[in-house]
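**Q** Here's a sequence, model it:
(one chain, ligands or ions: 1)
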Amino acid sequence: MKKGLEKFYDLVEAFEALPSIGKKSALRLAYHILMNDNYLGIKIAHSIENALKSIKKCQECGCMSEHEICEICLDDSRNAQILCLVQSAKDIFVIEESKQFKGKYFVLEELEQESLSLLLSYVENNKVNDILFALTPSLSNDAFILFIEDKLQSFDISFTKIAQGVPTGVSLENVDILSLAKAIQSKVLI
Ligand SMILES: [Zn+2]
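**A** Numbering: from 1, shown residues only. Here you go, the predicted model:
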């Protein structure tokens, strides 16, 4: 079956490489684009190309942005002294959707020296006095929080983390907005 349809199966493989797309869905998507909706296929190809060219990491917070500095970092109506620390830029979208947070964000994917130095200078430059950890609850993330607290102990900062409503081990993107909103409202001191 695959012989003579190599390009079709290349496309199926490309779709299958995406998160949460299985073999059946990949086949369905490739078939749909090639046989039912060529225009949609071209549109998707263009969108992907454009997005890849123009989206980068914000130099200050690590969020996705079309410019060097993202809209959230540039927004003066937000309180830069309150910082929400996340482990993935996509978590920011979820928290923004909950409309419960009016500070700024910082994406710390890993505990490596370069990101830690960026965090330290962010805290210093913006006189951050409140850090909210919005992490997936887990033992390793508790250790992550302790490590950050230790690194920032010379600053006068109150540390909080999002509270009930976020189940242990479930990543933020899979938590419903209402639960997340509650978790931010009832953040706890640590
Ligand atoms: Zn930013």
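**Q** Can you pull out the low-pLDDT segments for the chain?
**A** Filtered on pLDDT under 70, the chain yields the residue ranges 1, 164-170.
**Q** Strands of that one, residue ranges please.
**A** Ranges of strands within the chain are 56-57, 64-65, 79-86, 103-107, 130-133, 158-161, 188-189, based on DSSP state E.
**Q** okay, the ones you listed in JSON lines with mean neighbour count and distance to residue 115 next?
**A** Just so you know, the C-beta spots here come from the backbone N, C-alpha and C atoms, and that holds for glycine as well. Putting these into JSON lines (neighbours: other C-beta atoms under 10 Å; distance: least, C-beta to C-beta, whole Å) gives the following:
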{"stretch": "strand 56-57", "mean neighbour count": "13", "distance to residue 115": "11"}
{"stretch": "strand 64-65", "mean neighbour count": "18", "distance to residue 115": "16"}
{"stretch": "strand 79-86", "mean neighbour count": "19", "distance to residue 115": "11"}
{"stretch": "strand 103-107", "mean neighbour count": "22", "distance to residue 115": "8"}
{"stretch": "strand 130-133", "mean neighbour count": "21", "distance to residue 115": "15"}
{"stretch": "strand 158-161", "mean neighbour count": "17", "distance to residue 115": "18"}
{"stretch": "strand 188-189", "mean neighbour count": "9", "distance to residue 115": "25"}
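**Q** These into CSV, with extra columns for distance to the ion?
**A** CSV is the format used below for those (distance: least, C-beta to the ion, whole Å):
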stretch, distance to the ion
strand 56-57, 9
strand 64-65, 6
strand 79-86, 11
strand 103-107, 7
strand 130-133, 16
strand 158-161, 21
strand 188-189, 26
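**Q** right, and those strands - which one's nearest residue 92?
**A** Taking C-beta to C-beta, strand 103-107 is the member of the strands of the chain nearest to residue 92, at 5.2 Å.
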